[in-house]
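S.K.: Predicted model, plus sequence, below.
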Amino acid sequence: SNEEEILQYGGRNERKIRVFCRIRPVNRSEAAQGGVVVVDKLDDHSITVETPRGLREFQFDKVFNAESSQEDLFQDTKLIQLVIDGYNVCIFAYGQTGSGKTFTMVGDKDQKNPGIMPRTFNAIFDIMQENSTKFDFKVSAYMLELYNDRLQDLLVSQAGEAHAQTQPSGPARRVEIKRNRKGVVFAQGAETKEASSGQELYALFQQACANRHISATMNVESSRSHLIVGIMVESKNLTNGSVSTGKLSLVDLAGSERAAKTGAKDHQLKQEANSINKSLSALGDVISALSAKLPHVPYRNSKLTQYATRVKAITNNAQRNVESKEIAQLKELIMRLKSGQTVEEVDV
Ligand SMILES: Nc1ncnc2c1ncn2[C@@H]1O[C@H](COP(=O)(O)OP(=O)(O)OP(=O)(O)O)[C@@H](O)[C@H]1O
């Protein structure tokens, strides 16, 4: 997409990549253990963090404090109109285990506080309804899990997959990340299902969640895989017949935590943690290469980065400006993770 168009979208000056910081409240067990809050919101764009090396300040496009509601967060991340207008948008949550990624992206278990994903499912159809006299819309979705560097199709149950493997028609389809001629990344071989309402999309999402890998021996709150939800919106202009397709990728990344920190001796857990850190580390390498304008960007080093080519937008950003503070911060955090610092030292 044309950068200027996005930057001036809807009469507003929007940056192509925005980094938000959400501070979560202290939970009961942290309070019971005498935990103290070390993060302080200075203003809408900056926080300070007390670290073992002193007070550090970080800047973001927007900072949400512990009292911010799911609704507040959704209002600010709302990019659905862009998708309906044919753009590709990605929203992902990054942070260490227990920092609130799933709460922010999905919500709490009983959905009393739905997160960005379920709110998005409804909002897509609300916006389409408002535009229904001018456009015909078609919505479809795929849902994937990246676990131990293997892509698993969550819209195909594991039981169904096992059954397919034994059929004479041959093994089940493999999901591969590919790029089409226009440079749009897609998941080849993934089951794509149409939905005609927010409820239908949510039902697909529930089906997908039921098919996820969660290690029974690990903290139950902790998801050990990356969750990728791709929603395609095809709009046909009823006046001139032109068709555009936008895609919204919603990603809940697995927590960044070292195997040693989990206390797990188990081979499976170590493999999971290594694979999570490997993919997050590959994401860091891609961001570094793009920011340094290196001729080779190592997208292919991990399936996560093959998927995350929206990060490419940083290239444009880096060409236009001196590297932005947020990207520098994200890079620094990832570098710290890569250099094997413990989770407690990665504060944001
Ligand atoms: N803003 C918030 N307000 C209230 N509770 C929250 C908030 N953020 C997180 N929590 C709670 O904190 C706990 C951990 O959050 P969550 O599961 O979202 O972390 P996570 O970053 O997804 O962890 P993991 O990487 O292990 O999947 C959950 O019980 C969640 O409900």
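M.R.: Received the coordinates, thanks.
S.K.: use CA for all of it now, contacts and neighbours both
M.R.: OK.
S.K.: residues of stretch 56-64 that come out buried?
M.R.: Buried positions in stretch 56-64, judged by neighbour count with 16 or more other CA atoms under 10 Å: 58-60, 62-64.
S.K.: Give me the neighbour count for the nearest residue to S242 once chain neighbours are set aside.
M.R.: Nearest-residue entry for S242: K236, 5.7 Å, with adjacent residues in sequence omitted and distances by CA to CA, 6 or more residues apart in numbering. Residues near K236, counting by other CA atoms under 10 Å, number 17.
S.K.: same deal with the one 4 residues further on?
M.R.: The local packing of N240 (other CA under 10 Å) involves 8 other residues.
S.K.: From G246, how far out is it?
M.R.: In this view, N240 and G246 are 18 Å apart by CA to CA, to the nearest Å.
S.K.: where do the helices sit along this structure?
M.R.: 3-7, 28-32, 70-77, 80-84, 101-105, 116-130, 158-165, 198-210, 259-262, 267-291, 303-307, 313-320, 325-338 (DSSP state H).
S.K.: Going by mean pLDDT, which of these comes out lowest?
M.R.: Confidence, taken as mean pLDDT, is least for helix 313-320 of the helices of the chain (a mean of 44).
S.K.: what's near enough to touch L82?
M.R.: Taking CA atoms under 8 Å, 6 or more residues apart in numbering, we find L82 in contact with 88-89, 246.
S.K.: among those residues, which are in strands?
M.R.: Among the contacts of L82, the ones falling in strands (DSSP state E) are 88-89, 246.
S.K.: who in the stretch 1-150 of the chain is up against the ligand?
M.R.: Within the stretch 1-150 of the chain, the positions near the ligand by CA under 6 Å from any ligand atom are 24-25, 66, 95-103, 108.
S.K.: Name the member of these with the most neighbours.
M.R.: Among those, the one with the most neighbours (other CA under 10 Å) is T102, at 26 neighbours.
S.K.: Now stretch 54-67: average pLDDT?
M.R.: 94.
S.K.: Run a quick neighbour tally on the closest residue to R224 other than its chain neighbours.
M.R.: Excluding its sequence neighbours, the residue lying closest to R224 (CA to CA, 6+ apart) is A254, at 5.3 Å. Neighbour count for A254, taken as other CA under 10 Å: 27.
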